[in-house]
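Chemist: Test case, fold it:
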Amino acid sequence: MKISLLACVFGVLVSLTGCAGYQLGGQKPAHLTNVTKLAIPTFENQTLEPRLGSLVTNAIIKQIQNSGGYEIVSLADAEAVLDGKVINVDRSQFRSDRRNVLRTSQLLMTLRTEYVIKDAGSGNTIHRGRTSADSYTILDSNVQNSEAQALEDAAQRLAANVAADITEGW
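Modeler: Numbering: from 1, shown residues only. Below is the predicted model of the structure:
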């Protein structure tokens, strides 16, 4: 009886020590560990696409909120500010029509952005980043709608890249 009790206690102790190095919650990059409240003003849009700055900003805010690494607050309450700009949107032919190689049937859209995280009090740069994201669209009779959906998809992918860069420290 004592041997089986001793074996159970030993088994519990061994299983608990296996998780000794783990922590609950996210593991932020070392230079961002002191930042808990982040303000994200609307990204500057340097492209000719309307509303692209606000589309990217909203996607980034949602992605950071989902990751849980930072509390998104106003500029007055922030410890740091994430400023960014949408640099450009590239369109290139991904696939051509089988009967006419000059006619595009599928389009590759690449969205590029730069961002910087600055300390809210001093204005010193804490982190600088640059990322891009791709999206594919099949061109149909409504080209504008297809491109708008592809840009929204690219903005979501770009937001995931930005959130991973500033919330994951490994």
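Chemist: ok, which stretches of this structure are strands?
Modeler: Along the chain, the segments classed as strands by DSSP state E run 37-39, 44-45, 71-72, 80-96, 104-119, 125-138.
Chemist: Not counting the second one itself, show me its contacts.
Modeler: Under the criterion Cβ atoms under 8 Å, 6 or more residues apart in numbering, residues 51-53, 84-86 lie in contact with strand 44-45. C-beta coordinates here come from the backbone N, C-alpha and C atoms, glycine included.
Chemist: try 6 Å
Modeler: Here strand 44-45 makes contact (Cβ atoms under 6 Å, 6 or more residues apart in numbering) with 52-53, 85-86.
Chemist: In these, find the pair that's most separated.
Modeler: 52 and 85 (10.4 Å; Cβ to Cβ).
Chemist: Leaving out chain neighbours, which residue sits closest to residue 121?
Modeler: Nearest in space to residue 121, with sequence neighbours left out and distances taken as Cβ to Cβ, 6 or more residues apart in numbering, is residue 79 at 8.0 Å.
Chemist: do residue 42 as well
Modeler: Excluding its sequence neighbours, the residue lying closest to residue 42 (Cβ to Cβ, 6+ apart) is residue 57, at 4.9 Å.
Chemist: shaky segments in this protein?
Modeler: 1, 12-26, 169-170 (pLDDT under 70).
Chemist: and residue 91, how many neighbours does it have?
Modeler: 13 (other Cβ atoms under 10 Å).
Chemist: Name the single longest helix found in the protein.
Modeler: helix 143-167 (DSSP state H).
Chemist: tilt between that helix and strand 125-138?
Modeler: 150 degrees (axes from the mean of the first three to the mean of the last three Cα atoms, to 10 degrees).
Chemist: Nearest to residue 5 among the strands of the chain would be which one?
Modeler: strand 71-72 (47.3 Å).
Chemist: quick one: the residue nearest to residue 42 from residue 44, how far?
Modeler: According to Cβ to Cβ, to the nearest Å, residue 57 stands 10 Å off from residue 44.
Chemist: For those two, indicate the residue with more neighbours.
Modeler: Neighbours were counted for residue 57 and for residue 44 using other Cβ under 10 Å; residue 57 has more, 21 against 14.
Chemist: Give me the distance between the closest residue to residue 85 other than its chain neighbours and residue 87.
Modeler: Setting aside the residues directly before and after it, residue 85 is nearest to residue 44 in space (Cβ to Cβ, 6+ apart), at 3.9 Å. Per Cβ to Cβ, residue 44 is found 9 Å from residue 87.
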